[in-house]
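Asks: Show me the folded form of this:
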Amino acid sequence: MKTLVPFHKIGTQQVTIVDGLHPHNLCLSHWKGANSIKEIAADTSGEIVINALSKNYTGIDNPLVSATHFDIDGFVGVFALFYPEVAMQYKNELIAMARIGDFREFRPHNDVYDFALKLCCWMNKVEKGKFYRPFENKDEIESCVEKFEFFLPRFKKVIENIEDFKEDWYEEYEAVQNGIQQQVSSTVFESIGLVKKEFEKPSHYYALFSDTEGSDIVLSIYPNNRYELEYKYTTWIDLASRTCLPRIDLKPLATKLNEIEKSEYTWQVDSISDTGPILRLEATKLSKVDRYANPAERNIYTSSISSNQFEKTILIHLKRIFNGVEPKKNWTWNEMRKLNGVI
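Replies: Predicted coordinates:
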């Protein structure tokens, strides 16, 4: 029997931490510095927990569990600890669910990912309706407890009878499928870890980031000279499956774009330590809540810069910055800040 311990009440207790960091406890997490246990390492925290259960990793039987926040990946890990038999039965679906939830990397035409997408859409709908949007509450460490307590006893029934909950997941599920149909082209620039996606219009993140595994930067191009350049969450954590290039500060690139931008708007970008920095044309600074929301839910303004010039400017800048930089695993924040200081 497991017990959920609020993170801020851990004290000196021995607690298994999911999707977070703690100096004195077992951390089943992909956060930087935590994803270092080779026997169970994986890309998502949810999969790390499932690996630990599969291998009966030392400490996995600890009755106390905690997390710093609520999101789909973290929930998968916590749920797996509370309901290990169900987790093993739906192992692949839960791993896919964690990947979609954290990295937004949906795989179209894949039955496991299709099932997992329904689970994600169900959780998104219920979370927003019952509680609040991601990043909307500043006291997440405390307020996330109520979310876990709500979802943990309910999710078993959902995963075992997903079609019975269609009313909650269908609308967002269809938005993702429609978004995928609106993709015009996808081009990978492997040397800089970037994928260029052209769409008929802004859509859902699960559509935008679908089939982007292996890339860490997404250049989105929409009609009427509307663009966004975004770092995926894959560079905020430590991936186990592959190497990657470090995050670079995109503010110099924003400055360069502002020198040629003739519209009334300004190119702005978040710091490299943000979970998903976006370089975009702004009228006013976009909140974290709205940046995390789907592209279709925010204004994407028309630039005076043509799509050819914009793409060329981005590619030249990134290729110059990454020239001579070798991809590797487990970039630390200090390493990335040092590299950016040299740049």
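Asks: and residue 184, what element?
Replies: strand 183-189 (DSSP states H and E).
Asks: which helices and strands does the helix or strand following that strand pack with?
Replies: Where DSSP H and E defines the elements, the next helix or strand beyond strand 183-189 is strand 194-199. Strand 194-199 is packed against strand 183-189, helix 205-208, strand 217-222, helix 307-322, with contacts defined by 3 or more CB pairs under 8 Å, 6 or more residues apart in numbering; DSSP states H and E. Where you see a C-beta, it was placed from the backbone N, CA and C, and this is true even at glycine.
Asks: Mind listing residues that contact the first one?
Replies: Where contact means CB atoms under 8 Å, 6 or more residues apart in numbering, the residues beyond strand 183-189 that reach it are 194-200, 207, 210-211, 214-215, 315.
Asks: Could you dump the residues you listed into a markdown table and include pLDDT?
Replies: As requested, these are arranged in a markdown table below (pLDDT from 0 to 100):
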| residue | pLDDT |
| --- | --- |
| 194 | 98 |
| 195 | 98 |
| 196 | 98 |
| 197 | 98 |
| 198 | 98 |
| 199 | 98 |
| 200 | 98 |
| 207 | 98 |
| 210 | 98 |
| 211 | 96 |
| 214 | 97 |
| 215 | 98 |
| 315 | 98 |
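Asks: For those, pick the one with the most neighbours.
Replies: Highest neighbour count within those: residue 207, with 26 neighbours (other CB atoms under 10 Å).
Asks: where along the chain do the helices fall?
Replies: Secondary structure of the chain by DSSP state H: the helices cover 45-54, 72-82, 84-89, 91-103, 111-130, 140-160, 166-181, 205-208, 251-260, 288-292, 307-322, 333-342.
Asks: Out of those, which gets nearest to residue 23?
Replies: Taking CB to CB, helix 140-160 is the member of these nearest to residue 23, at 15.8 Å.
Asks: now that closest one: mean pLDDT?
Replies: The average pLDDT within helix 140-160 is 96.
Asks: Give me the buried positions along it.
Replies: 140-141, 143-145, 147-148, 151-152, 155-156, 158-159 (16 or more other CB atoms under 10 Å).
Asks: Tell me the pLDDT of the nearest residue to residue 229 once chain neighbours are set aside.
Replies: When the adjacent residues along the chain are set aside, residue 229 lies closest to residue 279, with 4.1 Å between them (CB to CB, 6 or more residues apart in numbering). On the pLDDT scale, residue 279 is placed at 98.
Asks: same deal with residue 343?
Replies: In this model, residue 343 carries a pLDDT of 68.
Asks: Not counting sequence-adjacent ones, nearest residue to residue 40?
Replies: Per CB to CB, 6+ apart, closest to residue 40 is residue 51, 4.0 Å.
Asks: how about that neighbour, what does it touch?
Replies: Residues in contact with residue 51, defined by CB under 8 Å, 6+ apart, are 39, 40, 41, 42, 57.
Asks: gap between the residue at the greatest distance from the centre of the chain and residue 305?
Replies: Here the chain reaches farthest from its C-alpha mean at residue 262, the gap being 32.8 Å by CA atoms, centre = their mean. Applying CB to CB, to the nearest Å, the value for residue 262 to residue 305 is 8 Å.
Asks: any shared contact partners between these two?
Replies: The overlap between the contact sets of residue 262 and residue 305 (CB under 8 Å, 6+ apart) is empty.
Asks: and which of the buried residues of helix 140-160 is nearest to residue 286?
Replies: Among the buried residues of helix 140-160, and counting by CB to CB, the member closest to residue 286 is residue 140, at 19.3 Å.
Asks: residues touching the closest one, list them.
Replies: Counted by CB under 8 Å, 6+ apart, residue 140 has contacts 68, 69, 70.
Asks: Redo those residues as a markdown table? Include pLDDT.
Replies: Formatted as a markdown table, the contacts of residue 140 follow (pLDDT from 0 to 100):
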| residue | pLDDT |
| --- | --- |
| 68 | 95 |
| 69 | 95 |
| 70 | 96 |
